[in-house]
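Student: structure for the following, please:
(2 chains)
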2 protein chains.
Amino acid sequence: MSEELAEILVRAEAAIERRDEVLVRELCRDLHHADLAELYEDTDSEGRAFLTDLLGAERFTEILAELPDTLVEDTLDSFEPDEQREILDSLPDDDRVDVLQDVSESKRRDFIDLLDEEKQADTRTLLRYDEESAGGRMTTHIGKILASMTVKEAIDHLRGDLEATGTLARIFVVDQTDKLIGKIRLRDLAFNAWDVAISDVVQDVEHSILATADQEEAAQMISRYDMLILPVVDESNRLLGVITADDAFEILEEESTEDIEKGAGIAGEQSEETYLNTSVASHFKRRCGWLVILAFLAILSGFVMMRFEHTLMEVYLLSLFLPMVVAAGGNTGGQASTMVIRAMALGELDPEDTRRVAWKELRLGFFLGCLLAAIIGLFAVFAPPALQFTLPEGVNFTQFGLTVALALGAQVTTSTLIGALLPIGARAIKMDPAVIAAPAITTIVDVSGMVIYFTVARSILGV
Amino acid sequence: MSEELAEILVRAEAAIERRDEVLVRELCRDLHHADLAELYEDTDSEGRAFLTDLLGAERFTEILAELPDTLVEDTLDSFEPDEQREILDSLPDDDRVDVLQDVSESKRRDFIDLLDEEKQADTRTLLRYDEESAGGRMTTHIGKILASMTVKEAIDHLRGDLEATGTLARIFVVDQTDKLIGKIRLRDLAFNAWDVAISDVVQDVEHSILATADQEEAAQMISRYDMLILPVVDESNRLLGVITADDAFEILEEESTEDIEKGAGIAGEQSEETYLNTSVASHFKRRCGWLVILAFLAILSGFVMMRFEHTLMEVYLLSLFLPMVVAAGGNTGGQASTMVIRAMALGELDPEDTRRVAWKELRLGFFLGCLLAAIIGLFAVFAPPALQFTLPEGVNFTQFGLTVALALGAQVTTSTLIGALLPIGARAIKMDPAVIAAPAITTIVDVSGMVIYFTVARSILGV
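Tutor: Reported below is the predicted structural model:
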């Protein structure tokens, strides 16, 4: 966000709090609806009522489509039925469906009844698709012409419905039964003679998507193939609608946020609300699940410590490097899993790549382990005596340093491998790899780190 | 990626290994250049030479723009100079500049000399902008008309340069000195009478960006305001070029990956190469820095353990829950920092929101702490005696459970707060908040967890 815009928003917020109609009206005049939606979301409920009154139904049509799910119903309710009709009528069909999916079922019926018959039918058709599917995201108002037309006929045909058509960046060519035959660009109409046949300028449609496919697949296609518009079809290749680049931005942002949050052990759907507007209760619900599971998992590390009581009691100096050896595994395992999960999300890793991943991470873990073992091992030989820590009779600092170095190297190598392979294993059993969150891996390799450290100590120090 | 496409790629890889020219040619015929680039990247160097020979310079023009930085120079070198000229000449100017930024300086001069004079001048101009700036990403071949034209004149003007113009989704209206006056849509040309004046249909340009601005800002504008094309201007508002939605997808994907990787303590620029094609050496370089720093930080926890030797020796059962109390802080702190860093990346948090964030996370930390304290506290009262663990004389299991519960609650509350506030603090001192990686927070709260646990134990158990 530019500083200029941020400043306007701050001034507008203050003006809303003072209920300064003149200033708010002036500041909002040139704001984009995405910015107005943010302003509306960031104010309290009285401020919101003030804004709906001030800006009116016409302005709120576009704002509504940008609001988070939880605000939609209350916002619509603050308008009179004829204003509600105006808003719902003016919304593009994909946004109207999004809005209606966010309100309670009884409200939804009432709102649909406000529309004219044609829009009622269109809306009911779109509502049948899952909200997360390509069909649930598409808009049906698109430029559509027949292959048998000429350029002149196509222009006349499109002109009739120009206002309702959101995008003409691609115009789709269909046959009499609506089957998708090809596409043309608007420039093919604008720069060709009027008697040219559409069938002479039509191009193949290289990519289309089924209405029932996941919206994420549609967004990734648009991004991968540098498309502006992706046609959505049914099983018989009949053109149903299109998904546009601006939908793809929204979908990909949601999916990225979800992956990042899952990686930190935060459960559930990413909320459309901003962080600050999400209630403490819903933050709590999304975070508590993994925490409880991880807490019980972490007690396993405690059992290992209990098991090696004798070793730790004999050489208590082992405790100086115990947390470090354990944590180093969590850190390298977390790095490896992050890299692998992201590579999978970007479609870079196929199941048959597992051995290559394992071999790469094994070498990486080994080299990282050697580096850390060398640095920390030397530190363990020279620092503790310099700090006047003591070792029991029969154990010297060289042995002690060797113990720390060997355990650290082994822990880093195994943890790196575990971190890389767990997400791949998760996918193999059809689990979402992002759910094998970094904290889960940390907890698992904590246990192995304890075992490795004490076992190495026992055999080298003879305790 | 669809299963069908994945299968074609696997078959093509096998055919390349067998050097089966007929089959490779057939499989590649209908592949999009993004898919061909993936195929090319995934094969070995002999396979790549085979593909460049087979597909030829014309096909490689588009593939080249999709390749990772490190493959560009070698790929270009495998063509003869006249083929190199053909490739560089056919590339859109923004892709040509990207490609030239990826080769060594001497090569760059040679390659530029292959171009005709006009393209040489254009290319040198664009190369002056930083690779990560809006100017470094823009294309200069855009639809540009004068306000004084009629629709007919505009069509004739644009027709002359139609082949070189990548996008006509928006056509920009400038004055004689190239200052940006407004925009029109191609449909305004296609559906209006030829004698209509452009000045009658021109619309305001709501958003433009300076050529020197960060490319991420440009991408976020395109995504936020649902734009297809963002005009790039200089300080005097002269139109220099445009950034398109497909550039924005690439920029946002790179930035997301970078944020995710930083969050796991992986340093440096995200590589354009896939995970598998990145060498072990460069993976090593990006991961080793934080690991060494974190290892030394983690030794601090060891010092705390040394300091509380007496307490642990007296009630060794404390070790059963020590790793869990410590880890719970890392987990909640990691969740909080992830949420806050993502909210900042999405532009949801301003510096003045710090108190609201702190208040929200303090309550969340407290409630999560209470939940965990209750569950694990009860477990600590009843499980250890059932498992026949013993406590020293004068200490009972109720006191022990209380110790675990209180320490856990305090650790979770403080860690949640620390996790949320550290990234905000980092930004306040102009550090990238994503660098306050989850592992760094984990390591910091590990220390506080040790201190809290042993201090509570001392005061409740009197050891």
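Student: show me where the stretch 51-200 of chain A has strands.
Tutor: A:142-146, A:167-174, A:180-185 (DSSP state E, counting those that start in this stretch).
Student: lowest average pLDDT across these?
Tutor: Within these, the stretch with the lowest mean pLDDT is strand A:167-174, showing a mean of 85.
Student: list the helices and strands that one packs on?
Tutor: The helices and strands touching strand A:167-174, judged by 3 or more Cβ pairs under 8 Å, 6 or more residues apart in numbering or on different chains; DSSP states H and E, are strand A:142-146, helix A:151-159, strand A:180-185, helix A:186-190, strand A:229-233, strand A:239-244. C-beta: built from backbone N, CA, C; applies to glycine.
Student: give the pairing partners of it; include direction for each.
Tutor: strand A:142-146 (parallel), strand A:180-185 (antiparallel) (DSSP bridges).
Student: specify the angle between the first one and helix A:151-159 in degrees.
Tutor: With axes from the mean of the first three to the mean of the last three Cα atoms, to 10 degrees as the basis, strand A:142-146 and helix A:151-159 are set at 140 degrees to each other.
Student: highest mean neighbour count out of the strands paired with strand A:167-174?
Tutor: Highest mean neighbour count among these (mean count of other Cβ atoms under 10 Å in any protein chain shown): strand A:142-146, with a mean of 21.
Student: that older thread, and the strands paired with strand A:167-174: which comes nearest B:A358?
Tutor: Smallest distance to B:A358 across those (Cβ to Cβ): 48.4 Å, for strand A:142-146.
Student: just the angle for the closest one relative to strand A:229-233, thanks.
Tutor: Going by the same axes, to 10 degrees, strand A:142-146 makes 70 degrees with strand A:229-233.
Student: which other residues reach strand A:142-146?
Tutor: Under the criterion Cβ atoms under 8 Å, 6 or more residues apart in numbering or on different chains, residues A:153-154, A:157-158, A:165-168, A:170-176, A:184, A:186, A:198, A:229, A:239, A:241-242 lie in contact with strand A:142-146.
Student: and the buried ones among those residues, selectable in ChimeraX?
Tutor: Selection command for ChimeraX covering only the buried members of those, criterion 16 or more other Cβ atoms under 10 Å in any protein chain shown:
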select /A:153,154,158,165,166,167,168,170,171,172,173,174,184,186,198,229,239,241,242
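Student: low-confidence stretches in the stretch 351-463 of chain A?
Tutor: Applying pLDDT under 70 to the stretch 351-463 of chain A flags residues A:436-437.
Student: mind telling me which residue of it is nearest chain B?
Tutor: A:P439 (4.7 Å; Cβ to the nearest Cβ).
Student: helix, strand, or coil at that residue?
Tutor: helix (DSSP: H, G, I helix; E, B strand; the rest coil).
Student: correct me, but it touches B:N331?
Tutor: Yes: using Cβ atoms under 8 Å, A:P439 is in contact with B:N331, at 4.7 Å.
Student: spit out the residues that contact these two alike.
Tutor: By Cβ under 8 Å, 6+ apart, the residues touching both A:P439 and B:N331 are A:265, A:290, A:294.
Student: most surrounded residue in those?
Tutor: A:G265 (25 neighbours; other Cβ atoms under 10 Å in any protein chain shown).
Student: name the element the residue most central in space within chain A belongs to?
Tutor: Taking Cα atoms, centre = their mean, the centroid of chain A lies closest to A:E255, which sits 2.0 Å from it. Taking DSSP states H and E as the criterion, A:E255 maps to helix A:245-263.
Student: now do that helix against strand B:239-244, angle only.
Tutor: Using the same axes, to 10 degrees: helix A:245-263 against strand B:239-244 is 60 degrees.
Student: what's the average pLDDT for helix A:245-263?
Tutor: Computed over helix A:245-263, the average pLDDT equals 87.
Student: go on, stretch A:275-289?
Tutor: pLDDT averaged over stretch A:275-289 gives 87.
Student: alpha carbons only: can I get it in PDB?
Tutor: Extracted C-alpha coordinates of stretch A:275-289, given in PDB (Å, rounded to 0.1, in the frame of the first residue of the first chain):
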ATOM      1  CA  TYR A 275      -6.100 -10.900  11.700                       C
ATOM      2  CA  LEU A 276      -7.300  -8.100  14.000                       C
ATOM      3  CA  ASN A 277     -11.000  -8.600  13.200                       C
ATOM      4  CA  THR A 278     -10.900 -12.300  13.900                       C
ATOM      5  CA  SER A 279     -12.200 -12.900  17.400                       C
ATOM      6  CA  VAL A 280     -10.100 -14.300  20.100                       C
ATOM      7  CA  ALA A 281     -12.500 -17.300  20.300                       C
ATOM      8  CA  SER A 282     -11.900 -18.300  16.600                       C
ATOM      9  CA  HIS A 283      -8.200 -17.700  16.900                       C
ATOM     10  CA  PHE A 284      -8.300 -20.000  20.000                       C
ATOM     11  CA  LYS A 285     -10.300 -22.700  18.100                       C
ATOM     12  CA  ARG A 286      -7.800 -22.800  15.200                       C
ATOM     13  CA  ARG A 287      -4.700 -23.000  17.400                       C
ATOM     14  CA  CYS A 288      -5.600 -25.200  20.400                       C
ATOM     15  CA  GLY A 289      -6.000 -28.600  18.600                       C
END
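Student: residues of it that come out buried?
Tutor: Across stretch A:275-289, burial judged by 16+ other Cβ under 10 Å covers A:275, A:278, A:283, A:286-288.
Student: is any residue of that stretch near chain B?
Tutor: Yes: interface with chain B: stretch A:275-289 contributes A:275-276, A:280, A:283-284, A:287-288 (Cβ under 8 Å from any Cβ of the partner chain).
Student: ok, so of those residues, who is nearest chain B?
Tutor: A:Y275 (3.6 Å).
Student: what's the neighbour count on A:L364?
Tutor: A:L364: 25 neighbours (other Cβ under 10 Å).
Student: what is the one helix or strand it maps to packed up against?
Tutor: Assigned by DSSP H and E, A:L364 belongs to helix A:354-386. When contacts are defined as 3+ Cβ pairs under 8 Å, 6+ apart, helix A:354-386 packs onto helix A:318-345, helix A:397-428, helix B:280-307.
Student: pretty sure A:V99 sits against A:I63.
Tutor: No: A:V99 lies out of contact with A:I63 (Cβ under 8 Å); the separation is 11.1 Å.
Student: output stretch A:16-24 in PDB with nothing but the alpha carbons.
Tutor: Output of stretch A:16-24 as PDB, limited to C-alpha atoms (Å, rounded to 0.1, in the frame of the first residue of the first chain):
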ATOM      1  CA  ILE A  16     -15.700   8.400  10.600                       C
ATOM      2  CA  GLU A  17     -15.200   8.400  14.400                       C
ATOM      3  CA  ARG A  18     -16.100  12.100  14.500                       C
ATOM      4  CA  ARG A  19     -19.100  11.400  12.100                       C
ATOM      5  CA  ASP A  20     -17.700  14.100   9.900                       C
ATOM      6  CA  GLU A  21     -20.000  13.600   6.900                       C
ATOM      7  CA  VAL A  22     -18.400  16.200   4.600                       C
ATOM      8  CA  LEU A  23     -14.900  15.000   5.100                       C
ATOM      9  CA  VAL A  24     -15.700  11.300   4.900                       C
END
